[in-house]
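J.: Fold the following and give me the result.
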Amino acid sequence: MAKAIMIQGTMSNAGKSLLVAGLCRIFKQDGYRVAPFKSQNMALNSFITEEGLEMGRAQVMQAEAAGIKPSVYMNPILLKPTNDIGSQVIVNGEVIGNMSARDYFAYKKKLIPDILHAYHKLEQDYYSVVIEGAGSPAEINLKTEDIVNMGMAKMADAPVLLVGDIDRGGVFAQLVGTIMLLEEDERQRMKGLIINKFRGDKTILDPGIEMLEKRCGIPVVGVTPYLPIELEDEDSLSERFEKKREVDRIDIAVIRVPRISNFTDFNPFESMKGVSLRYVHGVSELKDPDMIILPGTKNTMEDLLWMRQNGLEAAVLKAAAAGKVIFGVCGGYQMLGKTLKDPYRVEAGGEVDGMGLLPMDTVFAMDKTRTRVSGKFQKLEGTLCELSGVELEGYEIHMGSSKLEEGGKELTIIEDRNTASSKKAEGAQRGNVYGSYVHGIFDHEAVAKGIVTAIGKRKGLDVREITGMDFAVFKEKQYEYLAQEMRKHLDMKAIYRILNQKE
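T.: Modelled structure (predicted):
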């Protein structure tokens with residue numbers, strides 16, 4: 001059976017996901033077959049596996065670090081918030097329905113057999129499993145029904161490393177306070193402490209570390225630095241949203257709607273020379289971008305109404321009239337059409353007018369489309385005409401279907417990899433407005449580079465210096481860098497002793 005080790009945090013966004021990814025890459029480098037695992041994930045960033053099943057992107061990223069294919073066994077439960085008090089509940093990659101927070105809290109222990117089945121499957125296939133917790137293990141109101149922190153550690157009989165985020169301040173109180181709030185048997189599982197996101201001279205921390213170890217009776221196994229890593233984030237707590245990026249020669253603005261999902265779609269633009277990718281939340285932040293992207297969202301109609309109320313819809317319409325490139329992905333694509341209808345109350349119910357920039361109508365359905373696709377762009381008009389015929393691949397996750405008016409022009413032609421269906425036309429285009437259901441549509445180097453080059457040429461820029469990248473190769477370099485830095489700052493001998501349960 002696989003040897004387990006678990007990473008828990010003192011809070012959300014303490015850096016658990018990246019530390020799990022780094023350990024997965026280190027164990028892989030050392031010759032071990034390793035898999036990540038998180039029993040329950042709450043995130044709007046999701047992914048479709050080769051089997052057509054849905055899981056959280058954090059475990060996809062960690063699987064890539066481990067050098068293995070993503071599997072829903074790595075994330076058996078995914079919660080996708082639909083509003084402030086409810087979520088869509090996905091078990092083993094399939095939607096089982098929407099639940100309020102209270103209803104799910106009462107229901108979730110029924111999912112323990114699914115969690116154990118998934119975990120035991122990984123146990124049988126891998127030498128080690130690196131488990132990620134969620135939030136904090138010391139949430140007193142949640143502990144009795146816990147299935148993701150200490151509850152999971154007990155199910156897997158896993159030793160635990162506790163991570164605190166020093167960048168936010170108060171890391172010693174975070175770590176000591178968390179340990180104090182644990183039950184005695186839970187404290188016995190805590191085998192190491194990690195101080196994460198440190199900037200500066202580590203020797204200044206030494207007196208605090210000494211006191212921390214005395215107070216907790218647990219060794220500090222690492223002080224990891226704040227790393228400039230560009231990897232996919234778990235959820236909308238992503239620090240990339242808070243970056244204040246200056247406008248570069250080619251400026252791309254992503255509308256940060258309240259329920260933004262799959263914002264990792266736009267990561268390929270972030271590291272391109274001469275390109276600024278900015279997430280904007282209001283009209284004053286929008287400025288005068290060359291391209292506006294409407295992202296995916298878990299609640300298309302409400303986020304469209306949010307844009308309508310705060311003036312961002314009017315700003316997008318004005319930009320479209322001025323000939324700027326507008327690109328909608330999934331929910332953002334649906335917003336660009338003429339109408340959105342929700343007869344089955346998949347979202348809030350009812351009907352709203354869309355932006356009217358694309359000649360199509362959307363109807364939300366009870367069944368969820370989940371599939372991986374590959375294909376190419378059709379003959380395009382407008383600024384992005386040079387993308388005509390360029391290949392693409394990605395995946396679809398949506399609960400609506402959109403129908404073009406007669407005479408409307410599709411954007412892509414794709415083949416569904418999860419069924420035996422033939423190729424089909426998908427998306428829509430009109431002038432400089434484009435829309436598609438395909439997540440990951442910008443991941444191919446030729447697509448992202450083609451868009452930036454086309455916009456640059458329109459502006460009269462010398463685009464020879466603009467470089468695209470193979471995003472898969474870029475991520476592989478990031479995993480290697482992450483492992484290299486973690487080896488420098490973690491006591492890997494101690495972590496291997498913990499993994500092997502040697503006292």
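J.: tell me the mean pLDDT for the longest helix along the chain?
T.: If you go by DSSP state H, the chain has its longest helix at helix 471-489. The average of the pLDDT scores along helix 471-489 is 92.
J.: Check which helices and strands it sits against.
T.: helix 16-29, helix 57-66, strand 220-225 (3 or more Cβ pairs under 8 Å, 6 or more residues apart in numbering; DSSP states H and E). The C-beta positions use only the backbone N, C-alpha and C, and glycine is treated the same way.
J.: do you know which of those lies nearest M291?
T.: helix 57-66 (23.5 Å; Cβ to Cβ).
J.: and the next element down the chain from the closest one?
T.: Remark: after helix 57-66, the chain's next helix or strand is strand 77-83, criterion DSSP states H and E.
J.: so what does that next one touch, helix or strand wise?
T.: strand 40-42, strand 54-56, strand 86-91.
J.: ok, and for the first one, which residues are buried?
T.: Neighbour-count burial for strand 40-42 flags Q40, N41, M42 (criterion: 16 or more other Cβ atoms under 10 Å).
J.: One more: stretch 478-498?
T.: In terms of neighbour count (16+ other Cβ under 10 Å), stretch 478-498 has its buried residues at 478-479, 481-483, 486, 489-490, 492, 494-498.
J.: Give me the contact list for that stretch.
T.: Contacts with stretch 478-498, where a contact means Cβ atoms under 8 Å, 6 or more residues apart in numbering, come from 5, 18-19, 21-23, 25-26, 29, 64-65, 159, 161, 191-192, 194, 219, 221-225, 227, 229-231.
J.: Just the terminal-to-terminal distance for that stretch.
T.: Criterion Cα to Cα, to the nearest Å; first-to-last residue distance in stretch 478-498 is 26 Å.
J.: Likewise for stretch 259-270?
T.: Across its full length, stretch 259-270 reaches 21 Å between end residues, using Cα to Cα.
J.: Equivalent analysis for stretch 375-389, please.
T.: In terms of Cα to Cα, the two terminal residues of stretch 375-389 are separated by 9 Å.
J.: what do you get for stretch 164-179?
T.: 11 Å.
J.: how far out from the middle of the chain is it?
T.: In terms of Cα atoms, centre = their mean, to the nearest Å, the gap separating the centre of stretch 164-179 from the centre of its chain is 25 Å.
J.: And the average pLDDT for it is what?
T.: On average, stretch 164-179 scores 94.
J.: pretty sure E232 contacts R57?
T.: Yes - if you go by Cβ atoms under 8 Å, E232 and R57 touch, sitting 5.3 Å apart.
J.: Of those two, which one has the most company?
T.: Between E232 and R57, counted using other Cβ atoms under 10 Å, the more crowded position is R57 (26 against 21).
J.: tell me the pLDDT at that one?
T.: As summarised for this prediction, R57 has a pLDDT of 91.
J.: what about the nearest residue to it once chain neighbours are set aside, neighbour count?
T.: Closest residue to R57 apart from its sequence neighbours, by Cβ to Cβ, 6 or more residues apart in numbering: N45 at 4.2 Å. Residues near N45, counting by other Cβ under 10 Å, number 26.
J.: quick one: pLDDT of N45?
T.: For N45, the predicted pLDDT is 86.
J.: Which strand or helix spans the closest residue to L19 other than its chain neighbours?
T.: Once flanking residues are discounted, L19 sits nearest to I7: 5.3 Å by Cβ to Cβ, 6+ apart. Per DSSP H and E: I7 is located in strand 3-9.
J.: strands paired with that strand, and their directions?
T.: strand 128-132 (parallel), strand 160-165 (parallel) (DSSP bridges).
J.: and these as TSV, adding mean neighbour count and distance to N310?
T.: What follows is the strands paired with strand 3-9, written out as TSV (neighbours: other Cβ atoms under 10 Å; distance: least, Cβ to Cβ, whole Å):
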stretch	mean neighbour count	distance to N310
strand 128-132	26	35
strand 160-165	27	31
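J.: So which of those strands is nearest E285?
T.: strand 160-165 (26.5 Å).
J.: Show the subsequent helix or strand relative to that closest one.
T.: helix 171-180.
J.: and that following helix, what does it pack onto?
T.: Helix 171-180 packs on strand 160-165, strand 190-198, helix 206-216, going by 3+ Cβ pairs under 8 Å, 6+ apart.
J.: got the angle for the first one vs strand 220-225?
T.: Strand 160-165 and strand 220-225 meet at an angle of 30 degrees, taking axes from the mean of the first three to the mean of the last three Cα atoms, to 10 degrees as the criterion.
J.: List of residues touching strand 160-165?
T.: Under Cβ under 8 Å, 6+ apart, the answer for strand 160-165 is 5-11, 13-16, 19, 133, 137, 150, 153, 171-172, 174-175, 178-179, 189-197, 218, 221, 495, 498.
J.: got the domain boundaries for this protein?
T.: Per automatic domain parsing, the structural domains of the chain span 3-231+476-499, 250-460.
J.: quick one: which of those is nearest I466?
T.: From the domains of the chain, taking Cβ to Cβ, the stretch that ends up closest is domain 250-460, at 5.3 Å.
J.: chain center to that closest one, what's the gap?
T.: Mean-position distance between domain 250-460 and its chain equals 18 Å (Cα atoms, centre = their mean).
J.: before we move on, the earlier item: tabulate the strands paired with strand 3-9 (CSV), appending distance to Q378.
T.: Shown next, in CSV, are the strands paired with strand 3-9 (distance: least, Cβ to Cβ, whole Å):
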stretch, distance to Q378
strand 128-132, 41
strand 160-165, 47
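J.: With respect to P207, which of these lies nearest?
T.: It's strand 160-165; of these, that one is closest to P207 (Cβ to Cβ) at 16.5 Å.
J.: just the angle between that closest one and helix 206-216, please?
T.: 140 degrees.
J.: re the thing from before, tell me which of the strands paired with strand 3-9 lies nearest to D342.
T.: strand 128-132 (34.5 Å).
J.: tally of neighbours for the residue lying closest to L304 once chain neighbours are set aside?
T.: Nearest non-adjacent residue to L304, counting by Cβ to Cβ, 6+ apart: M335, 4.8 Å away. For M335, the neighbour count with other Cβ under 10 Å is 29.
J.: is it true that M335 touches G356?
T.: No - counting by Cβ under 8 Å, G356 is not a contact partner of M335; they are 10.1 Å apart.
J.: Out of the helices and strands packed on helix 471-489, flag the one nearest V363.
T.: Of those, nearest to V363 by Cβ to Cβ is helix 57-66, at 27.5 Å.
J.: the strands in the stretch 351-500 of the chain, which residues?
T.: Residue ranges of the strands in the stretch 351-500 of the chain, as given by DSSP state E, counting those that start in this stretch, are 360-377, 391-404, 412-416, 424-426, 428-430, 433-436.
J.: and the last one, what does it pack onto?
T.: With contacts defined as 3+ Cβ pairs under 8 Å, 6+ apart, the secondary structure elements packing on strand 433-436 are strand 325-329, helix 331-335, strand 428-430.
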